[in-house]
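[1] Turn this into a model:
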Amino acid sequence: MFKPVLAVVFLSIAIWTFGQSTTPMSAPTSITLNQSDRSWIATSNRYTNLLIEITRKYAPEGASEQGLAEYDELISNPTLASENSRVAETKVAQAKIQAALSTEQNEYVKQDLQILLHNIDFNRKQQEFYEAHVVPYANASAYIFGGLRALLDDKVGPERRKAAIVRLRKYAGVEPGYLPMVDLFKARVEAQIAKPGMIYPPKEEVETALSRNGEYLDAIPALFKHYGLTGWEESWAKLKVQLAAYDEWTKQTILPKARADFRLSPEQYALSLEVFGVDISPGQLAVLAHQSFKEYQGEMQIIATQIAKEHGWPSIDYRDVIRRLKQDQLASDAILPFYKNRLHEIEAIIVKQNLVTLPDRPVRIRFGTPAENGAPHMVPPPFLNNTGQQGEFVLPLNMPAAVGSSQSQKVDDYSYDAASWTLIAHEARPGHELQFDSMVEQGVLLAREMYTLNSTNVEGWGVYSEYIMQPYMPLEGQLISLQFRLLRAARAYLDPELQAGLIQPKDAMRVLTEDVVFSAPFANQEVERYTFGAPGQATSYFYGFIKLLQLRSDIETMLGPRFDQKKFHDFVLSQGPLPPDLIRVAVMESFIPSQR
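    Take a look at the predicted model:
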């Protein structure tokens, strides 16, 4: 998986979704880069910057994460007045873009203008729904941690990190002219509470977050100490008290009215799927996923039988074989060197098999911090104003603490030999690391970088990367690669069926622990994801993968022996994070003719 840049996270304040991704699907138009004449790109970027500047103004923490030092000391202002100002400025930009669309002659620029207009309409639809229907759970601890982490990071130069002290003072309300951030959150939530017929957040979501906020309270001072900063202690002491009081206010105000049923309304779930780039109905998605789930199980059983016979193990059932492979856990201090060595093996295979063009730079891999417990993920580099920063493959070894516990939970799903193959393929190369850093190095239209990126087109490439690497893995690696593919199919029917009330969380836990063979802490985090963490998002892996796989199949049929997978993969990466339908148009209109 990938962690979106903070500009997306903090813009959620502006459209008041708290916890929902705000990255929309692109407009339903075709777009194909003219590789010989790129003079029109400056025009496209000029219009795109109209929206980018508004995002920076109202989500400055994300702007500083994108490398703009002038935003480092600024913070977001989650008030209704600020939101109204953002809406007004967006309408002005929309009018300019709409006027340009009626006069612009260049087809490529016109297509980008449609992408921008679609983004504006989509964000408005989200905002109007949440303003009219939802009392959010705004997690102040997580929000403030994210704003400080944007500056307290190895990718940020030492001269910029001291701005985190100013940002901390503003969050705490000790800087002249600033109110405590928690007070602004309260006021906005209370305004929603005052409206009739509002939908409260799921009780389990609130309880789970409250039980884990201590990790953020520990992580924030640890970051300041890690980077040798001083002068933050007094502000932090006040902010820590404020955050504790805010959580207590949440327990008294939100929790008693939180809904026992985690399910979203059909309208809200459809909106969530659209956010993440899934453009078919939940029912259609579940049917496809059930079918693929059975197919993947069959493939796994064939390979598991071979592995069991080679090792002389008593059971050939794929579940037992996976459990046996997991027994050979790596020592903690050996995991990171092992992953780095495995990465070199994978890179050698990529070159030998002509899978995709690799850059001449190393991949950054690190362990996750205690506040980053969860699934392995790629933190993308700054897409704008990048001065050499790379993305990072983050490998957590623990899951967040269970509700009612203060201890994170150890998992055995990543720390053994066979799992490293598919995790590296997905998160590093040829997956997300190559995907995101290629965008920075090759240069992609701003409209694509900022306004077409969604979970389906990003995670689809990640799963597809595992797929193209799988034939070159040893049998053990192939089995675990299929296990992760089985997980993606399970997600694509468990998520919608949980939201529809067709199954219960305990049913999903059984599938994930018994049939997909993941640890209970991992499975629990998955179920949290489907029910209240990010309903709809987990389906995007499977959907993006099958769309990309179908495109490849069609192109192979059309080109026959002239099909060159390396050229195909390089072309897909060069297009940026386009949704499946627009990638298809680009391939058909540009790649196919170039190969013929």
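
[2] quick one: the helix or strand hosting Gly214 to chain centroid distance?
    Using DSSP states H and E, Gly214 falls within helix 203-226. How far helix 203-226 lies from its chain's middle: 20 Å, per CA atoms, centre = their mean, to the nearest Å.

[3] what helices or strands is the helix or strand harbouring Lys294 leaning on?
    Using DSSP H and E, Lys294 maps to helix 282-311. Helices and strands touching helix 282-311, by 3 or more CB pairs under 8 Å, 6 or more residues apart in numbering; DSSP states H and E, are helix 266-275, helix 318-326, helix 475-499, helix 539-559. Every C-beta, even on glycine, is put in place using the N, C-alpha and C of the backbone.

[4] Looking at those, which one is packed in the most?
    Mean neighbours per residue, mean count of other CB atoms under 10 Å, is largest over these for helix 475-499, with a mean of 25.

[5] avg pLDDT for that one?
    Mean pLDDT, helix 475-499: 98.

[6] can you start the count at 49 instead of 1 from here on
    Renumbered: residue one is now 49, and that last one reads helix 523-547.

[7] which helices and strands sit right next to that helix?
    Applying 3+ CB pairs under 8 Å, 6+ apart, one finds that helix 523-547 makes contact with helix 330-359, helix 366-374, helix 465-475, helix 503-517, helix 553-558, helix 568-576, helix 587-607.

[8] Nearest to Ile163, out of those helices?
    helix 503-517 (13.1 Å; CB to CB).

[9] Let's see that closest one as CSV, backbone CA atoms only.
    This file holds the C-alpha atoms of helix 503-517, laid out as CSV (Å, rounded to 0.1, in the frame of the first residue of the first chain):
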residue,chain,number,x,y,z
SER,A,503,-6.0,4.0,-4.9
THR,A,504,-7.2,1.9,-7.9
ASN,A,505,-4.5,3.1,-10.3
VAL,A,506,-1.8,3.1,-7.7
GLU,A,507,-2.5,-0.2,-5.9
GLY,A,508,-3.4,-1.9,-9.2
TRP,A,509,0.2,-1.3,-10.4
GLY,A,510,1.5,-2.6,-7.0
VAL,A,511,-0.4,-5.9,-7.3
TYR,A,512,0.5,-6.2,-11.0
SER,A,513,4.2,-5.8,-10.1
GLU,A,514,3.9,-8.8,-7.8
TYR,A,515,2.2,-10.7,-10.7
ILE,A,516,5.0,-10.0,-13.3
MET,A,517,7.7,-11.0,-10.7
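
[10] by contact count, what packs against the helix or strand hosting Phe484?
    Element membership of Phe484, judged by DSSP H and E, is helix 480-490. Helix 480-490 sits against strand 425-427, helix 503-517, helix 613-622, with contacts defined as 3+ CB pairs under 8 Å, 6+ apart.

[11] Nearest to Lys210 among those would be which one?
    Closest approach to Lys210 among the helices and strands packed on helix 480-490 is made by strand 425-427 (22.1 Å; CB to CB).

[12] Could you look up the next helix or strand downstream of the closest one?
    Scanning forward in sequence from strand 425-427 by DSSP H and E, the next helix or strand is strand 440-443.

[13] Strand partners (parallel or antiparallel) of that following strand?
    strand 412-415 (parallel), strand 425-427 (antiparallel) (DSSP bridges).

[14] Pull the residues that contact the helix or strand harbouring Ser150.
    Using DSSP H and E, Ser150 falls within helix 128-151. By CB atoms under 8 Å, 6 or more residues apart in numbering, the residues outside helix 128-151 that reach it are 62-64, 95, 98-99, 102, 105-106, 124, 157-158, 161-162, 164-165, 168, 171-172, 175, 236, 239.

[15] Which SSE is immediately downstream of that helix?
    By DSSP H and E, the next helix or strand past helix 128-151 is helix 155-181.

[16] Show me what that next one packs onto, helices and strands only.
    helix 54-63, helix 89-106, helix 128-151, helix 314-323, helix 494-499.

[17] Turn the ones you listed into CSV, columns for distance to Pro625 and mean pLDDT.
    Below are these laid out as CSV (distance: least, CB to CB, whole Å; pLDDT from 0 to 100):
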stretch, distance to Pro625, mean pLDDT
helix 54-63, 13, 39
helix 89-106, 14, 94
helix 128-151, 21, 97
helix 314-323, 15, 94
helix 494-499, 6, 82
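
[18] Please identify the most buried of the ones you listed.
    Neighbour counts (mean count of other CB under 10 Å) averaged over each of the helices and strands packed on helix 155-181 peak at helix 494-499, with a mean of 25.

[19] any idea how far that helix is from the chain center?
    Taking CA atoms, centre = their mean, one finds helix 494-499 lying 16 Å from the centre of the chain it belongs to.

[20] quick one: contacts for Lys210?
    Leu277.

[21] ok, now with 10 Å
    Contact analysis of Lys210 by CB atoms under 10 Å, 6 or more residues apart in numbering lists Asp120, Glu121, Leu199, Tyr275, Leu277, Thr278, Gly279, Trp280.

[22] Next, format those as a markdown table and append secondary structure and distance to Leu403.
    Putting those into a markdown table (DSSP: H, G, I helix; E, B strand; the rest coil; distance: CB to CB, whole Å) gives the following:
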| residue | secondary structure | distance to Leu403 |
| --- | --- | --- |
| Asp120 | coil | 40 |
| Glu121 | coil | 44 |
| Leu199 | coil | 37 |
| Tyr275 | coil | 39 |
| Leu277 | coil | 44 |
| Thr278 | coil | 49 |
| Gly279 | coil | 50 |
| Trp280 | coil | 47 |
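
[23] are any of those residues buried, and which?
    The neighbour count (16 or more other CB atoms under 10 Å) marks Asp120, Glu121, Leu199, Tyr275, Leu277, Trp280 as buried among the contacts of Lys210.

[24] can I assume the fourth one is in contact with Arg197?
    No. Assessed by CB atoms under 10 Å, Tyr275 is found out of contact with Arg197, at 11.3 Å.

[25] Common neighbours of the two, please.
    Val204, Ala212.

[26] roughly how far apart are Gln401 and Phe532?
    Distance from Gln401 to Phe532, counting by CB to CB, to the nearest Å: 20 Å.

[27] for Lys614, same thing?
    For Lys614, the distance to Phe532 - CB to CB - is 24 Å.

[28] same deal with Tyr499?
    30 Å.

[29] out of the contacts of Lys210, who's nearest Ile213?
    Set against Ile213, the nearest of the contacts of Lys210 by CB to CB is Trp280 (4.8 Å).

[30] What's the local residue count around the closest residue to Val204 other than its chain neighbours?
    For Val204, ignoring the flanking residues on the chain, the nearest one in space by CB to CB, 6 or more residues apart in numbering is Ala198 at 7.7 Å. Ala198 has 27 neighbouring residues, counting by other CB atoms under 10 Å.
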